[in-house]
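**Q** With the input below, show me the fold.
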Amino acid sequence: PVLSGFAGHIPGKLIEKMPGLKYTDVSYWGHFNNPERYRCHFLFATDPMYAKIQRAFIEEQTRMYGTDHLYCIDPFNEVDPPTFNCDSLSILSRGIYESLAAADKEAKWLQMSWTYKYMPGWTGERMKALFRGVPQDKLVMLDYWCENVQMWKTTEAFYGQPFVWCYLNNFGGRNRLVAPTDRIYHYIDTTYAQAGTGFKGVGATLEALDVNQFAFGMLFDKAWTIPGSLTDWRNALADQRMGRVDSTARQVYNDYCTRVLDVPRPYNYTFVESRPGMGKRDKCTPTREAQNEIWHRLMQLRSDRDAFKMDLVNVGRQCLEEHFYVLWRKFCVAYDVYDLQEMRAIGQEMKEVLRDEAALTACHSTFSLKRWIDDARRWGRTPEEKDYYERNARRILTLWNNNLSGLNDYAGRPWDGLLLSFYLPRWSMYIDQAISCREQGKDFSDDEFAKVCYQFEEKFCELQVPIEYPQKQDAVALSRQLYAKYFQ
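**A** Model (predicted):
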């Protein structure tokens, strides 16, 4: 396995105890309240203390776990480096590697490329200086988001250092239906043909599991078995999900891949899981009609396979969320023209859609909040510890932060208990307040609502809002009922 190395990040208390260290402040990240409380500092690799900490850390980690001599170190991920001077960047990376090599002579440094795409200032010359400061083949780069941005193409294959082609798939575990099997299949072929000897393998850099599973199957099938064609692979996928060879199912799953999963679009928030407001920016996915059709065709198939039922629920909940977005647009129009009767009618339907989505997601354990909460509480030995872990489990899926920053809802999930006990109350607050504003002849303020909404969100994270779970129903029967209700 890949283990951690010391990346140079140190707390302020160490600086107090050891004055004279060569360090710089790390730039702010995440818009946390009281940022100085969370801010750390970067110890320069030229300071002798850097190598001492690295050795102590590697030795203790090796004692506990052993080592395969691979260490992940991301010194500047989503923060500014202390300098963009090329010579200084080269000295920094060489110092980091030398501290690793002093602790483990076989050490190789693994680093992800995300920050060099995401953060401004990283020109080709600066990246080259940083990467080539490390001896050849001692730095392995993870080309982090290759289904969208293949950095090996714009960096001369990372300026000669070996790299791994990686598929990201999701940010924070957000669940919009995107799984570009076609790009994975063809991009890996192109990389193999053009990238040269530095291309060392493929990997997954996902931020959460159980999201758009098909693409991971393609990724590792491509690496290990090299499927003959995309059609062959998709047929095999249908056979696996159904538990038998079924020509009708094969066509449904082929269409699901080509008309829904493979269509390019961002891994952005699914609308329901983002904080409500009037000025929200989103749009229906270009595959909305195709999704509805695929859901209808899936429910005509027959299979007792758990995987098939998961697909049915997964497509169905996305269809309901897209329908919810359409209703929100209509609600906003009714608000603009002061049509209170229409606002009340649409608002009620929006609430009903969320209740129905909660019921649908309760049909499969993949979308279970209870499983997540129970797993978190098992880490605790006392009631106080169990509550501590549950508070964190709730927060990471909702607020993620401790203020009104853009990271709120970063890891939102379309899960049964969240839909019923977090998203539905939040959207109900929005709907009711918007109607109240129009009844009083006032304008709705997104900023003011966010402050009110935040109070509820904090209560949820602090265990002051009980979680309600829907009763489990039959996925096929409920899918047919909901499709007839909303789309026929």
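**Q** in the stretch 101-250 of the chain, which spans are strands?
**A** For the stretch 101-250 of the chain, the strands defined by DSSP state E, counting those that start in this stretch cover 108-112, 139-143, 163-167, 199-204.
**Q** now the helices: where do they sit in the stretch 351-488 of the chain?
**A** 369-377, 383-397, 416-418, 424-439, 446-461, 475-487 (DSSP state H, counting those that start in this stretch).
**Q** now the ones you listed in TSV, with mean neighbour count?
**A** C-betas here are computed from N, CA, C, even on glycine. What follows is the helices of the stretch 351-488 of the chain, written out as TSV (neighbours: other Cβ atoms under 10 Å):
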stretch	mean neighbour count
helix 369-377	16
helix 383-397	16
helix 416-418	25
helix 424-439	18
helix 446-461	15
helix 475-487	17
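**Q** among those, which is nearest R302?
**A** Shortest separation from R302 across the helices of the stretch 351-488 of the chain is recorded for helix 475-487, at 8.6 Å, computed as Cβ to Cβ.
**Q** how about JSON lines for the helices of the stretch 351-488 of the chain, with mean pLDDT and distance to W145 added?
**A** Supplementary listing: the helices of the stretch 351-488 of the chain in JSON lines, determined by pLDDT from 0 to 100; distance: least, Cβ to Cβ, whole Å:
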{"stretch": "helix 369-377", "mean pLDDT": "97", "distance to W145": "26"}
{"stretch": "helix 383-397", "mean pLDDT": "97", "distance to W145": "22"}
{"stretch": "helix 416-418", "mean pLDDT": "98", "distance to W145": "27"}
{"stretch": "helix 424-439", "mean pLDDT": "98", "distance to W145": "30"}
{"stretch": "helix 446-461", "mean pLDDT": "95", "distance to W145": "29"}
{"stretch": "helix 475-487", "mean pLDDT": "98", "distance to W145": "33"}
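**Q** Make JSON lines from those helices and add distance to A157 to it.
**A** Formatted as JSON lines, the helices of the stretch 351-488 of the chain follow (distance: least, Cβ to Cβ, whole Å):
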{"stretch": "helix 369-377", "distance to A157": "40"}
{"stretch": "helix 383-397", "distance to A157": "36"}
{"stretch": "helix 416-418", "distance to A157": "42"}
{"stretch": "helix 424-439", "distance to A157": "46"}
{"stretch": "helix 446-461", "distance to A157": "44"}
{"stretch": "helix 475-487", "distance to A157": "46"}
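**Q** right, so of those, which gets closest to D87?
**A** From these, taking Cβ to Cβ, the stretch that ends up closest is helix 383-397, at 40.4 Å.
**Q** Now do the closest one: which elements does it pack against?
**A** Packed against helix 383-397, as judged by 3 or more Cβ pairs under 8 Å, 6 or more residues apart in numbering; DSSP states H and E, are the following elements: helix 369-377, helix 446-461.
**Q** Alpha carbons only: can I get the last one in CSV?
**A** Extracted C-alpha coordinates of helix 446-461, given in CSV (Å, rounded to 0.1, in the frame of the first residue of the first chain):
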residue,chain,number,x,y,z
ASP,A,446,-31.3,34.5,-0.3
ASP,A,447,-28.7,35.9,2.1
GLU,A,448,-31.2,36.2,4.9
PHE,A,449,-32.7,32.8,4.3
ALA,A,450,-29.2,31.2,4.3
LYS,A,451,-28.6,32.6,7.8
VAL,A,452,-31.9,31.1,9.0
CYS,A,453,-31.3,27.8,7.2
TYR,A,454,-27.8,27.6,8.7
GLN,A,455,-29.3,27.5,12.2
PHE,A,456,-31.4,24.5,11.2
GLU,A,457,-28.3,22.8,9.6
GLU,A,458,-26.3,23.4,12.8
LYS,A,459,-29.0,21.8,14.9
PHE,A,460,-29.0,18.8,12.6
CYS,A,461,-25.3,18.4,12.9
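**Q** That helix: how far from the chain's middle?
**A** Taking the mean of its C-alpha atoms, helix 446-461 sits 23 Å from the chain's own mean (Cα atoms, centre = their mean, to the nearest Å).
**Q** Can you check which of the strands of the stretch 101-250 of the chain gets nearest to A193?
**A** The stretch from the strands of the stretch 101-250 of the chain with the least distance to A193 (Cβ to Cβ) is strand 199-204; that distance is 9.6 Å.
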